[in-house]
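Novice: give me coordinates for this.
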Amino acid sequence: MDISVVIPAYNEESNIIPICDEVIASLNKMDVTYEIVLVDDGSSDNTFNIMNQVAGKFDCIKVIKFKKNYKKSAAYMAGFKESDGSIIVTMDADLQDDPSEIGKMIDLIGRYDAVIGWKENRLDTVSKVLPSKIFNWINKKLFAIDLKDNDSGFRVMKREAVSELNLYGDLYRFIPALLASKGYSVTETSVNHRLRYSGKSKYGYSRFLTGLLDILTMKLIIDFTNRPSHLFGYMALGMISIGLISELIAIFYKVFLGHLFITHMPIIIFGVMTIILGASFFGIGLLGELIVHQTRSKDLYEIDKDLVTHTPIN
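Specialist: Got it, this is the predicted structure:
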């Protein structure tokens with residue numbers, strides 16, 4: 001079995017060596033061929049230099065350096081693209097994910113396409129736990145995916161499932177829902193959760209607020225990706241209906257109350273403009289879909305340095 005462990009990192013200089021040591025120690029106990037793909041997401045500290053040092057020590061490590069901070073979705077996409085394994089593992093660099101749990105998760109991958117690590121006894125602050133619980137509850141209700149920890153960054157996935165992902169923004173948080181929407185089987189298993197080894201978390205309540213907008217985006221992607229005309233059709237129908245009602249009101253005043261059209265010119269103009277806007281939604285929506293499709297087919301990041309320090313997996 002060929003395994004690629006993808007680890008994005010942003011200002012994690014104190015954690016790179018211990019996370020690599022633990023992952024290697026864990027995988028050495030298994031009968032597998034493996035690699036570790038470290039992605040420096042534009043760190044401003046010494047993260048990349050330490051990654052480079054570790055890569056020089058272990059020939060199983062690849063290092064990718066972004067020119068700036070492109071966020072985790074781009075880091076994942078770069079790591080997936082540069083990895084060679086048939087099984088992809090994602091972990092955070094803060095050592096809260098326990099590498100010794102990888103084996104247990106891989107044991108389930110024969111029956112499922114993706115296995116999510118559920119932090120059953122989570123050792124985080126309230127500012128992370130509470131938003132995460134709300135986020136997971138909304139995910140379960142909207143996307144009908146029965147997982148307790150959709151937001152977990154500790155995942156094991158088959159290559160064919162990963163190849164279906166097109167992550168941008170904060171959509172990495174919805175990987176289970178995205179895979180399930182494409183017909184892949186997703187499960188979870190409880191994993192050991194630890195305190196952050198070093199440094200400070202980059203997340204809190206602010207991520208929850210942006211996450212609510214991302215949930216709306218996800219709902220549109222999952223429900224309307226294969227039928228965009230339905231989405232824009234609903235919007236156009238709503239606008240045109242409002243416009244027609246406005247015009248009917250003006251006609252009512254003219255025919256039944258004897259008012260001059262000129263006295264209701266604002267509502268007449270509003271109705272006409274709304275109808276035109278609704279009709280435009282069809283064309284604008286289709287054009288927008290074409291533009292977005294072309295844009296997302298390109299990499300949403302720029303690699304500053306791409307260091308391949310080992311022989312790729314065959």
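Novice: start to end distance for stretch 253-267?
Specialist: 11 Å (C-alpha to C-alpha, to the nearest Å).
Novice: and what of stretch 95-104?
Specialist: Length of stretch 95-104, first residue to last, C-alpha to C-alpha: 17 Å.
Novice: in the stretch 201-314 of the chain, which spans are strands?
Specialist: Ranges of strands in the stretch 201-314 of the chain, per DSSP state E, counting those that start in this stretch, are 303-308.
Novice: point out where it drops to low pLDDT.
Specialist: 201-208, 224-231, 288-302, 304-314 (pLDDT under 70).
Novice: for it, just list every one of the helices.
Specialist: Listed in chain order, the helices of the stretch 201-314 of the chain (DSSP state H, counting those that start in this stretch) span 205-224, 228-257, 265-296.
Novice: for Leu38, find the nearest of these.
Specialist: Closest of those to Leu38 is helix 205-224, at 23.0 Å (criterion: C-beta to C-beta). Just so you know, the C-beta spots here come from the backbone N, C-alpha and C atoms, and that holds for glycine as well.
Novice: and the residue of the chain positioned farthest from its centre, how far is that from Phe252?
Specialist: Here the chain reaches farthest from its C-alpha mean at Gly258, the gap being 58.7 Å by C-alpha atoms, centre = their mean. Shown here: Gly258 relative to Phe252, a distance of 11 Å by C-beta to C-beta, to the nearest Å.
Novice: before we move on, what about Ser4?
Specialist: Taking C-beta to C-beta, one finds Ser4 at 67 Å from Phe252.
Novice: who's more crowded, these two?
Specialist: Ser4 (24 against 12; other C-beta atoms under 10 Å).
Novice: name the SS class of the more buried one, please.
Specialist: Of the three states, Ser4 takes strand under DSSP: H, G, I helix; E, B strand; the rest coil.
Novice: for the nearest residue to Phe261 once chain neighbours are set aside, give me its contacts.
Specialist: Closest residue to Phe261 apart from its sequence neighbours, by C-beta to C-beta, 6 or more residues apart in numbering: Lys254 at 5.8 Å. Counting by C-beta atoms under 8 Å, 6 or more residues apart in numbering, Lys254 touches 260-261, 264.
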